[in-house]
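Colleague: Got a predicted structure plus its sequence, pasted below:
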Amino acid sequence: MTTPASSASTGQPTASASALMLKFASGPIVALLLYVLPYEGVPPEGRVALGVFGWMVMWWMARPVPWAVASIIPLILFPMLNVMSVGATVALYGQNIFFWIWGTILMGYAMDRHGLAKRFALWFMSLKWVNGSANRTAFGFMLVTGLISMMLSDAATVAVMIPVAVSLVAFIRTVQPQESKGRSNFGAFLALGALYGSVAGGTATIAGIPHNALSVALLEQLTGRSLGWFEWMFAGVPVFVVLLLVFYWVLRFFLPPEFKVVPGGSAFLEEERRKLGPLSAGERSTLFVFAMMVTLFVLPALFDLTLGADNPVTAWAQRGLNLYVVPPVILLLLFSTPVNWRQGQFVLGWRDAVAHTPWDIMILVTAATGVMDALVDFHFVELAGGAVAGLGLGSVSMAFVASGVVAFSTNLISGVAATSFFGGIFIPAAAQVGLNPATMAILIPNAAVGIALPWAGASCGTAFATGQIEMKDMIRIGLVATLIFAFTTAAVHLVLAPFL
């Protein structure tokens with residue numbers, strides 16, 4: 001009797017090989033489908049550009065190759081298929097957003113590396129109105145997570161806060177043995193609270209998550225409207241506050257803590273703060289750079305309020321301290337602000353910074369922005385916007401449809417891909433139906449964060465990796481939270497749209 005030949009011996013592709021081949025094929029297939037679809041008034045070059053963009057998005061989703069590699073497809077196909085010259089194609093990648101992401105991400109990493117973010121979190125959690133009650137502790141944990149996430153990426157914030165949550169749960173189990181068996185609601189509450197709190201905080205400022213800045217760039221490309229730091233916060237902060245409250249009550253409904261008072265919580269937090277000691281040289285230097293960043297972001301608005309828009313100093317600040325100028329300044333300060341002069345140590349060293357720079361995300365965002373430039377030139381965005389407008393959606397229904405589609409799809413595709421694709425469609429469509437396009441430009445990245453699936457992104461994976469929550473519970477609660485998230489985000493933006 002002989003055994004069946006293995007797939008390796010027969011030369012047949014294994015299941016994993018077949019899946020990989022399908023992932024590779026998905027990009028060209030989508031590109032071909034997008035090319036042959038009928039479009040009125042679009043030249044062949046425009047069809048190719050859209051097909052290439054679809055190819056990039058599919059490979060960003062399926063990931064047969066790294067994001068950055070998929071992002072250079074236009075560099076190959078645009079000149080080869082006569083869409084653009086080599087020089088014009090390379091110019092698409094010269095986007096301001098590259099240095100924006102680099103500066104803000106490294107600022108967040110410096111805060112984490114030198115312990116400044118953890119010190120702030122422990123200080124806040126030790127406040128009397130937060131400490132003691134299980135519900136207040138859980139809400140305070142979400143609030144401080146959200147506040148940190150205003151300046152750090154959601155993934156970095158979760159990475160900072162999850163160790164605090166795990167340590168707190170472990171401490172409770174040492175002083176309350178009956179909580180040591182299995183998973184606890186309180187532990188699951190904190191794990192998802194870190195995720196949901198970071199998502200809420202990421203909506204508040206342009207620096208909250210990388211694709212916030214991408215949407216600002218799209219708005220300027222598609223409508224000519226620039227969006228400032230405080231203009232974003234005018235809508236973003238109310239969304240943050242409402243989402244934080246909504247997420248808290250969702251978690252409290254599904255995961256009510258087993259105890260009313262956190263056992264030994266005060267002693268744990270005080271001990272953790274004591275271990276930190278006084279501010280280190282690294283923390284002081286990092287705090288200086290962070291303060292400079294906030295100051296540079298605020299100065300143009302302060303000059304406008306105190307000196308008036310026509311004052312030459314105000315005009316210089318608006319031009320010389322443009323939103324995209326600040327991150328390169330921060331980069332310079334991070335690498336030149338000393339921590340120890342004698343040893344030649346600075347807030348960040350080059351090797352350390354290179355290792356923690358998200359090159360793949362930066363190249364992906366830059367490529368998405370550049371290809372959107374090409375689609376604008378070929379009038380594809382106006383065509384897509386008109387198609388959405390032709391669905392008969394009004395300003396109200398469009399806001400809810402956009403928020404829902406983006407929020408649920410981002411559990412399957414990256415937030416950057418969702419923002420670049422849906423932003424190119426809904427931002428111009430909003431203008432056609434009478435909805436403020438700046439409102440849509442903030443709404444889309446606000447909703448473009450997956451929270452339902454453990455593999456929806458680094459933040460979800462980190463929260464799930466704590467072992468504090470079952471997968472079925474994360475998905476079940478996450479789907480409900482996503483639905484409420486999408487509805488709430490759209491509702492708040494509709495209320496604020498006339499004032500933005």
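Modeller: Structure's in. What do you need?
Colleague: wait, what's in contact with Leu331?
Modeller: 99, 102-103, 106 (C-beta atoms under 8 Å, 6 or more residues apart in numbering). (C-beta placed from N, C-alpha, C; glycine too.)
Colleague: no wait, Leu348
Modeller: Neighbour list for Leu348: 106, 109-110, 113, 334-335 [criterion: C-beta under 8 Å, 6+ apart].
Colleague: ok so it is a helix residue?
Modeller: No - under DSSP: H, G, I helix; E, B strand; the rest coil, Leu348 sits outside any helix and is assigned coil.
Colleague: how much space between it and Val365?
Modeller: If you measure Leu348 against Val365 using C-beta to C-beta, to the nearest Å, the figure is 21 Å.
Colleague: Tell me the pLDDT of Thr203.
Modeller: Thr203 carries a pLDDT score of 93 in this model.
Colleague: can I assume it is in contact with Val242?
Modeller: No - assessed by C-beta atoms under 8 Å, Thr203 is found out of contact with Val242, at 9.6 Å.
Colleague: who's more crowded, these two?
Modeller: Thr203 (32 against 17; other C-beta atoms under 10 Å).
Colleague: So which residue is dead centre in this structure?
Modeller: With distances taken as C-alpha atoms, centre = their mean, the residue of the chain nearest its centroid is Ile209 (3.2 Å).
Colleague: isn't that one right next to Met151, touching?
Modeller: No - Ile209 sits out of contact with Met151 when judged by C-beta under 8 Å, with a separation of 10.9 Å.
Colleague: Return the helix or strand in this structure with minimum mean pLDDT.
Modeller: For the chain, scoring each helix and strand by mean pLDDT, DSSP states H and E identifies helix 7-10 as the least confident one, at a mean of 42.
Colleague: Straight-line length of stretch 80-95, end to end?
Modeller: According to C-alpha to C-alpha, to the nearest Å, stretch 80-95 extends 22 Å from its N-terminal end residue to its C-terminal end residue.
Colleague: repeat for stretch 337-350
Modeller: The first-to-last residue distance of stretch 337-350 comes to 13 Å (C-alpha to C-alpha).
Colleague: Would you indicate which residues of it are buried?
Modeller: Buried residues in stretch 337-350, defined by neighbour count with 16 or more other C-beta atoms under 10 Å: 337, 339, 346-348.
Colleague: Distance to Gly187 and pLDDT for those - can I get that in JSON lines?
Modeller: As requested, the buried residues of stretch 337-350 are exported to JSON lines (distance: C-beta to C-beta, whole Å; pLDDT from 0 to 100):
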{"residue": "Thr337", "distance to Gly187": "38", "pLDDT": "95"}
{"residue": "Val339", "distance to Gly187": "36", "pLDDT": "92"}
{"residue": "Phe346", "distance to Gly187": "38", "pLDDT": "94"}
{"residue": "Val347", "distance to Gly187": "34", "pLDDT": "93"}
{"residue": "Leu348", "distance to Gly187": "34", "pLDDT": "93"}
